[in-house]
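Novice: the sequence and its predicted three-dimensional model are supplied below.
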Amino acid sequence: MKVTTPRLTQHVLTTEGRTTGEPVLFVHGNVSSSAFWRDAMAALPGGYRPLAVDLRGFGESDPAPVDATRGLRDYSDDLLELVEALDLDGVHLVGWSLGGGVVLQALRDRPAAVRSVTLVNPISPYGFGGTEGPDGRLTHADGTGAGAGAASPDFVARLKAGDMSDESPTSPRSVFRSSYVKHPEVPDEDFYVRAMLTTRVGEAHYPGAAVTSPRWPGVAPGKYGVLNAAAPTHFRLDDLHEISPKPPILWIRGADDVIVSDASLFDLAHLGALGAVPGSPGTPAQPMVTQTRAVLERYGPYREAVIEDCGHSPHLEHPAAFGRLLTGHLEEAR
């Protein structure tokens with residue numbers, strides 16, 4: 001269904017016949033859409049109303065530009081308006097990857113609207129790239145090492161072209177197989193690759209407007225677009241522990257994630273250490289998992305659940321285990 005708010009028109013995926021019950025709102029990650037939640041939504045037991053939104057510039061929602069100087073608030077404000085428009089009183093929020101950052105920002109800004117939060121391999125509360133240590137300190141004041149310039153140009157070009165092939169390691173299908181999941185034998189692969197291809201590409205969308213830096217590796221966050229919105233100069237949740245009330249948080253993560261990790265293969269600092277990005281001065285990798293744990297420990301009511309032999313997408317790779325964890329968390333939050 002389509003829902004129009006003062007900000008934009010958003011597409012919301014629903015499950016047939018599930019129109020009542022406690023609302024559970026799923027938020028997808030980068031280069032994906034609400035379609036990635038299809039099976040997890042259908043698996044929710046009775047008593048819950050599953051919904052999944054397409055963020056702006058993804059799926060069938062309006063391709064409104066992303067003001068990266070607001071961090072992830074263009075997305076989280078859209079989400080909160082959707083919650084109001086649908087009268088989702090006491091909503092359970094589930095956020096995967098980039099969506100994890102979006103739901104944490106929504107929680108930070110309006111905690112009273114949220115009944116529980118489930119994070120699925122979320123980006124760090126200190127953004128993606130350009131930081132060091134568990135406290136998320138900036139490597140450089142301008143966020144060098146983060147932002148749109150970190151994206152693979154060939155991946156962006158193939159995404160824009162709607163490439164469904166596996167002829168290149170940087171095609172969307174190949175990236176899905178190598179990075180979204182640990183083992184590539186996920187059913188309905190074509191379905192998920194097509195969902196990736198709904199991503200709007202451009203300077204105001206994915207990856208965003210690239211900015212150069214005189215420091216290694218030569219890129220810094222710009223003012224528009226997805227990757228810049230997730231940069232640590234724009235998105236930081238240092239004060240999450242100060243909110244009230246504090247709904248319970250469940251953090252589910254795959255043990256073998258190569259995207260969100262303390263040694264991420266998408267972090268330019270770590271790639272420099274591996275020799276994949278020449279000229280590295282030895283900048284340490286961003287400890288993304290450690291940073292998330294540090295913020296949640298200050299927050300208080302949270303639980304971490306690690307799924308072994310699993311990559312970036314527990315809801316696709318281990319749906320039964322994911323479903324048990326999510327359902328148990330929802331029940332406890334009632």
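Specialist: Done, it's in. Numbers count the residues shown, from 1 in each chain.
Novice: for the closest residue to Arg110 other than its chain neighbours, pull up the helix or strand it's in.
Specialist: Residue nearest to Arg110 in three dimensions, not counting chain neighbours: Leu80, with 5.6 Å by C-beta to C-beta, 6 or more residues apart in numbering. Every C-beta, even on glycine, is put in place using the N, C-alpha and C of the backbone. Using DSSP states H and E, Leu80 sits within helix 73-85.
Novice: after that helix, heading C-terminal, what element do we hit next?
Specialist: As assigned by DSSP H and E, the chain's next helix or strand after helix 73-85 is strand 91-96.
Novice: following that next one, which helix or strand comes up?
Specialist: helix 98-109.
Novice: go through that next one and flag the buried ones.
Specialist: The neighbour-count check on helix 98-109 (16 or more other C-beta atoms under 10 Å) flags Leu98, Gly99, Gly100, Gly101, Val102, Val103, Leu104, Gln105, Ala106, Leu107, Arg108 as buried.
Novice: can I assume Val258 is in contact with Val181?
Specialist: No. Using C-beta atoms under 8 Å, Val258 is not in contact with Val181, being 10.1 Å away.
Novice: now do the contacts for the nearest residue to Gly95 once chain neighbours are set aside.
Specialist: Excluding the flanking residues, the one nearest Gly95 by C-beta to C-beta, 6+ apart is Val103, at 3.5 Å. By C-beta atoms under 8 Å, 6 or more residues apart in numbering, the contact list for Val103 reads Val27, Ser76, Leu79, Leu93, Val94, Gly95, Val117, Leu119.
Novice: what about Val103, distance to Gly311?
Specialist: To Gly311, Val103 is 21 Å away according to C-beta to C-beta, to the nearest Å.
Novice: who's in contact with the residue at minimal distance from the centre of the chain?
Specialist: Centroid check for the chain by C-alpha atoms, centre = their mean gives Leu98 as the closest residue, at 1.4 Å. Contact analysis of Leu98 by C-beta under 8 Å, 6+ apart lists His28, Gly29, Asn30, Leu55, Leu72, Ile123, Val226, Ala230.
Novice: hmm, the fourth one is touching Tyr75, no?
Specialist: Okay, so that is Leu55. Yes. Using C-beta under 8 Å, Leu55 makes contact with Tyr75 at a distance of 5.2 Å.
Novice: which neighbours do the two share?
Specialist: Counting by C-beta under 8 Å, 6+ apart, the shared contacts of Leu55 and Tyr75 are Val102.
Novice: which one's more surrounded, Val258 and Val181?
Specialist: More crowded of Val258 and Val181, by other C-beta atoms under 10 Å: Val181, with 22 against 16.
Novice: look at the more buried one and report its pLDDT.
Specialist: Looking at Val181, its pLDDT reads 98.
Novice: check Thr5 too.
Specialist: Looking at Thr5, the pLDDT reads 95.
Novice: now do the contacts for it.
Specialist: Contacts of Thr5 by C-beta under 8 Å, 6+ apart are Asp78, Glu81, Leu82, Glu84, Ala85.
Novice: ok, back up a step: can you give me the distance of the closest residue to the residue nearest to the centre of the chain other than its chain neighbours to Gly130?
Specialist: Distances taken as C-beta to C-beta, 6+ apart place Asn30 nearest to Leu98, at 4.2 Å, with adjacent residues excluded. Distance, Asn30 to Gly130, by C-beta to C-beta: 16 Å.
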